[in-house]
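Engineer: Fold the following.
(one chain, ligands or ions: 1)
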Amino acid sequence: MSINRRQWLKKATGAGVGLAAAGVLGVEAPEVQASTKKEKLEGVEEFTSACNFCACGCGMICHVKDGELINLEGDPDHVINEGALCAKGAAMSATHTSERRVKRPRYRAPGSDEWTELSWEEALDKIAHKIKANRDANWNATENIKGVDYQVNRTDAIGFIGAAQNTNEECYLITKASRLLGTVSVEHQARVCHGPSVPALSASFGRGAMTNHWLDMQHSKVFLIEGSNIAENHVMGMKWIKKAQAKGAIVIHVDPRFTRTSAGADIYARIRAGSDIAFLGAVINYIIQNKLYDEAYVKLNTNALLHSKSDFEFNDGLFSGFDEASHHYETTSWEYELDGTKKPSKAKSLDDPKCVFSTIKKFYSRYTLELGSQISGIPVDQIKLIAETMAKHKPGCIMYALGATQHTYGVQQIRCYGILQLLLGNIGVPGGGVNALRGEPNVQGSSDMAVLSHYLPGYLNYPTADQTTMKEWTKSNGTFREKFFINTMKAWFGDNATAENEYGYSMLPKRNPGKDYTLYGMMESAIRGQLKLAYIIGQNPAVTNANLKVTLAGLDNLDTLVVQELWETETAEFWRRPGVDPKTIKTEVFLLPAAYFMEKEGTISNAGRMVQWRYAAVNPPGEAKTDIEILDVLFNKVRALYKDSVDPKDQPLLKAQWNYPSNSRAESVLREIGGTDLKTGLPVNGIADLQPDGTTACGAWIYAGLFKGGKNLTKRRDNKTDPGGLGIYPGFAWTWPGNMHILYNRASCDEKGQPLNKDLPIVWWDDKLKKWAGWDVPDVPVATDGPDTPNGQRPFRMNGEGLGRLLAAAYKDPDPKDKELPRDVSYTPKDGPLPEFYEPIESPTANAMHPKCATNPCVKYPRLTDGRHPIGTRDKFPYVLMTSSMAEHWCCGSTTRNVPWLNELVPEPVVEIPEMLAIKLGLKHGEYASVSSARGEVTVKTVVTKRMQTLKINGEEIVSVWMPYNWGFKGLSTGPSTNVLTIDAVDPGAGTQETKACLVNIVAATKGGSHV
Ligand code: SF4
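Structural biologist: Numbers count the residues shown, from 1 in each chain. Below you'll find the model as predicted:
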């Protein structure tokens, strides 16, 4: 019998996780190995956890003796990392033991230049009173919007920021508490990183998540990696690519900089930063023109055959329906032609001139190889090679990260991947997919839990002021989503959510659709004096926000800032940043010491939607507390301040269901998230159990069923059972939705429901059992509705028409139950139903496709009219700057810059420039250079490499340079923040900034130049 390491330990100790393994080793293991393990494990407790850096979700084991962490290593029984950790992951014990951790609550009075320490009681009492005071003084029961008074029940004076490093349970409580307090200003890291992923992926496929998962990459035959340096930033993801590569898969890397990912690629294409849509458009056009697409898949699984409206147009960079004054599209012309039953009318062949396929064929015909090359700098032959390689090798996987998202057209760049993969038949199949490489440990879960101003948990659109009743909200969102909304309300308000009061709909604060509640909008609101109290948990916007001067000005203008953190971050200490006199800053600041991941329990969701439980291995240092405890205690303190209130504005706080036992807060919240049958009190088994009549409650519908059968399925550890041999491991943790690992997997079958790839079958229609079956959970509306029923032919069932969208048509499904649904039930990108190439807001060249419409017409920039949003031009700032993270330092660097050996590896920020530019500027490797943009200037060392090269774009030489953005003025390693330079123009559909392309100048400098 084969037995894995953990099973063996369990057997030997007679206990599971967390119990002593003393004296049990050396019994069955080889002698040498046994002696090593014995030394390490005798008298030691083991706790499993998962890494707190990127979203690979690598498993770790914490070894604890006498309450002390004595060792941390990769978990050899974890299905993703199989025992390995990257440099960052391996360095995590240093954070637990660091003397630099904040250990007691602190307070900085207005104008003071120092911290004073507080007791927890004092700190939380003061903060609770501040929240109440700001809420009471700045309450809007109603708001006049375009001449109409609406009930909004909202305060804009309080905002929450964070956090992708928190557990799902903490994120859920941030969302719930903030909405109960009456604010919709709730944001986190997803806004600045993968903001465009959800709208782009859902516009193409219906859901906004990574379609496949890490282990599935071993089945790919070709990879297109664009806008990602996966070898450095998702190291264990690269491991699965390497497995496929060892079996013959071809790796294509498209990036402006030759990175460690490029070094491992079979094809490397150097692209100009900001020109990806022109390159991808040329690839798509080549595939269409040369009939390299998968015709059977395209006809069966996409909207290619549906008829576009005859008044759909695209001219000179603009789609039909554009209103120049508002920068907004009216989308009626982007719909389908409907037949007599209000279903889209359908063509008989792809040659029908009115069908979607013909529409996109015409649209893409402008993207010739030559034009794609002229704009992107990638040679014609290489674009052709990439297109042919993608078409020839199936299945193929596309992977992207922030190089794709951080643009003013990020949604549309990711839409290109969706179109390309639908044409090639690569969605819903093992080894295929469009896979978003998430960079924070729980940015998937924090987005799922709606720590975002425009969502409720499970990506339900947040109610707006003009949706005055739940019925109105349902008209815009459909009865399908109404059911899930009701379940969230039941989870939040319990018996106080009834059919009579529309399940508490009126108790939610309502968004003003014309206001900007995003992270950038919040900082601008602080500058205007509207946002007065910011509560920031595990996020460091004073390093990570673009155009930092605006963020710092916002922090300067707050009345109160609360920071819940491990460290003295740049955000917590913004008032004593270099060059600023603390006396001039009147913001009072609370710094609350928080626990690190191994010091608390709860779940995180990795990029592949796997929700896994982490155990608390050790206590937090000093008086630090878990975020969930701080949030719970603080919320109860605020609520107690209102206990006798009869004011309608306070009823959401008083009527909310909020009872989490102090000895099991995380599991209790997770139960609320996963759903309960209120008639029996038992957990629901899945989404299908959720009812629209208030008899079930579920905090986040997409997580329904993670307590199926009464057990916490996120704790499961079966790494042996993989019936199809596909790397699915259905008994390891739990994956949303419903433990499904490959989304849209119905598309892997033919019309009759049989697998098209006989080597990699994943689901199929079992004619004997009369149901869908397979190695994964079949992605079908009803498991017993066969291929001969309409439900059996909806491979992209979340879209109204049940098909993958080449053209992101605005469409309502005329389901008889949903008669009142408007046309825009499914998401349609704000800036077009097809991805068009636009230059970055700061560009070194003209738009070769439509010079008069050079940049995305839906972008509103500058947003501030006081000079804080300058736009640089090429005459003063001739070089293109792109920024990113690296293997040794992570995001704002507040954790990694406090690890001495990571600082030894990469001690300071740099600017990487090509040799040609170094010669021109008279700079040598290691000398200092001043880098300036229209927004600021920093001085850093120069790294001169061949990894950066000049490109010929539109007939001119264009130079790109690169900088990491991981530094600030706090920590063991300090240095200037690159985001002083970057631009905060944002994608109109995602609010994510254009950190991957702005203009800078570079000159030689001496050490000691500007640092902020
Ligand atoms: S940073 Fe990512 S790849 Fe590295 S150990 Fe952590 S989860 Fe794994």
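Engineer: what about stretch 325-333, average pLDDT?
Structural biologist: Per-residue pLDDT over stretch 325-333 has a mean of 95.
Engineer: do the same with stretch 466-476
Structural biologist: Here stretch 466-476 scores 94 as its mean pLDDT.
Engineer: Which single residue of the stretch 751-900 of the chain approaches the ligand most closely?
Structural biologist: Trp890 (7.2 Å; C-beta to the nearest ligand atom). Placement of C-beta: from N, CA and C, glycine included.
Engineer: One more: the stretch 601-750 of the chain?
Structural biologist: With C-beta to the nearest ligand atom, the shortest gap between the stretch 601-750 of the chain and the ligand falls at Asn606, namely 7.8 Å.
Engineer: swap in the chain?
Structural biologist: Closest point on the chain to the ligand, by C-beta to the nearest ligand atom, is Gly89, at 2.3 Å.
Engineer: what about the residue of the stretch 751-900 of the chain closest to the ligand, distance to Tyr965?
Structural biologist: 11 Å (C-beta to C-beta, to the nearest Å).
Engineer: again with Ile145
Structural biologist: 37 Å.
Engineer: Over to Lys483?
Structural biologist: 42 Å.
Engineer: show me the contacts for the residue of the chain closest to the ligand.
Structural biologist: Residues near Gly89 by C-beta atoms under 8 Å, 6 or more residues apart in numbering: 51, 53, 58, 60, 74, 235.
Engineer: Tell me the secondary structure of it, please.
Structural biologist: Secondary structure, DSSP: H, G, I helix; E, B strand; the rest coil: Gly89 is helix.
Engineer: From Ala1004, how far out is it?
Structural biologist: To Ala1004, Gly89 is 38 Å away according to C-beta to C-beta.
Engineer: how about the residues of the chain near the ligand?
Structural biologist: 51, 53-54, 56, 58, 81, 85-86, 88-89, 234-236 (C-beta under 6 Å from any ligand atom).
Engineer: I'd like to know which of those residues is nearest to Val906.
Structural biologist: Lys88 (11.2 Å; C-beta to C-beta).
Engineer: My guess is the residue of the stretch 751-900 of the chain closest to the ligand contacts Ala91. True?
Structural biologist: No. When contacts are counted by C-beta atoms under 8 Å, Trp890 is not listed as touching Ala91 (9.9 Å).
Engineer: quick one, which of the two is more surrounded?
Structural biologist: Between Trp890 and Ala91, counted using other C-beta atoms under 10 Å, Trp890 has the larger neighbour count: 24 against 21.
Engineer: Pull the contacting residues for that one.
Structural biologist: Taking C-beta under 8 Å, 6+ apart as the test, what Trp890 contacts is 53-54, 88, 896, 966.
Engineer: Least confident of those residues?
Structural biologist: For the contacts of Trp890, the weakest pLDDT value sits at Lys88, with 84.
Engineer: helix/strand/coil for the closest residue to that residue other than its chain neighbours?
Structural biologist: Sequence neighbours aside, Phe53 is the residue nearest to Lys88 in space, at 4.8 Å (criterion: C-beta to C-beta, 6 or more residues apart in numbering). Three-state call for Phe53 (three-state DSSP): coil.
Engineer: Quick check: Phe53 vs Met236, distance?
Structural biologist: According to C-beta to C-beta, Phe53 and Met236 sit 11 Å apart.
Engineer: wait, what's in contact with Val880?
Structural biologist: By C-beta under 8 Å, 6+ apart, the contact list for Val880 reads 272-274, 844, 958-961, 997-1000.
Engineer: can you check Ser308 too?
Structural biologist: For Ser308, the contact set (C-beta under 8 Å, 6+ apart) comprises 336-337, 354-356, 358-359, 807, 809.
Engineer: How about Gly922, nearest residue that isn't a chain neighbour?
Structural biologist: Ala1004 (5.9 Å).
Engineer: and if you look at Asn557?
Structural biologist: In space, Asn557 is closest to Ala526, 5.1 Å off (C-beta to C-beta, 6+ apart).
Engineer: in the stretch 1-150 of the chain, which segments are predicted with low confidence?
Structural biologist: Filtered on pLDDT under 70, the stretch 1-150 of the chain yields the residue ranges 1-41.
Engineer: do that again at 80, thanks
Structural biologist: Confidence mapping of the stretch 1-150 of the chain against pLDDT under 80 gives the ranges 1-42.
Engineer: And the strands in the stretch 251-400 of the chain?
Structural biologist: Under the criterion DSSP state E, counting those that start in this stretch, the stretch 251-400 of the chain contains strands at 267-270, 314-315, 318-319, 322-323, 328-329, 396-400.
Engineer: Which strands border the second one, and is each parallel or antiparallel?
Structural biologist: Using DSSP bridges, the neighbouring strands of strand 314-315 in the sheet come out as strand 318-319 (antiparallel).
Engineer: what bridges to Met963?
Structural biologist: What pairs with Met963, by the bridge criterion (DSSP bridges), is Thr883.
Engineer: Can you get me a residue count around it?
Structural biologist: By the criterion of other C-beta under 10 Å, Met963 has 25 neighbours.
Engineer: pLDDT value on it, please?
Structural biologist: With respect to pLDDT, Met963 scores 97.
Engineer: residues contacting it?
Structural biologist: By C-beta under 8 Å, 6+ apart, the residues touching Met963 are 881-883, 909-912, 931, 940, 978, 981.
Engineer: Arg794 contacts Val782, correct?
Structural biologist: No. With contact defined as C-beta under 8 Å, Arg794 does not count as touching Val782 (9.9 Å).
Engineer: average model confidence for the helix or strand in which Asn435 is found?
Structural biologist: According to DSSP states H and E, Asn435 maps onto strand 434-436. Taken as a whole, strand 434-436 carries a mean pLDDT of 95.
Engineer: Am I right that Leu224 sits in a strand?
Structural biologist: Yes. Assessed by three-state DSSP, Leu224 belongs to a strand.
Engineer: residues contacting it?
Structural biologist: Shown in contact with Leu224 (C-beta under 8 Å, 6+ apart): 252, 254, 386, 390, 396-399, 417.
Engineer: and it, how far is that from Asn426?
Structural biologist: According to C-beta to C-beta, Leu224 stands 10 Å off from Asn426.
Engineer: what touches both of those two?
Structural biologist: 396-398.
Engineer: Lys243 and Tyr615, how far apart?
Structural biologist: 29 Å.
Engineer: can you pull the pLDDT of the residue lying closest to Phe279 once chain neighbours are set aside?
Structural biologist: Nearest non-adjacent residue to Phe279, counting by C-beta to C-beta, 6+ apart: Ser376, 4.1 Å away. Per-residue confidence at Ser376 stands at 98 (pLDDT).
Engineer: hang on, the earlier thing: tell me which of Arg794 and Val782 has more neighbours.
Structural biologist: Arg794 (24 against 14).
Engineer: Which residues are in contact with that one?
Structural biologist: Contacts of Arg794 (C-beta under 8 Å, 6+ apart): 746, 780-781, 802-803.
Engineer: now swap in Leu561 and tell me
Structural biologist: 533-534, 536, 555, 571-572, 574, 587-590.
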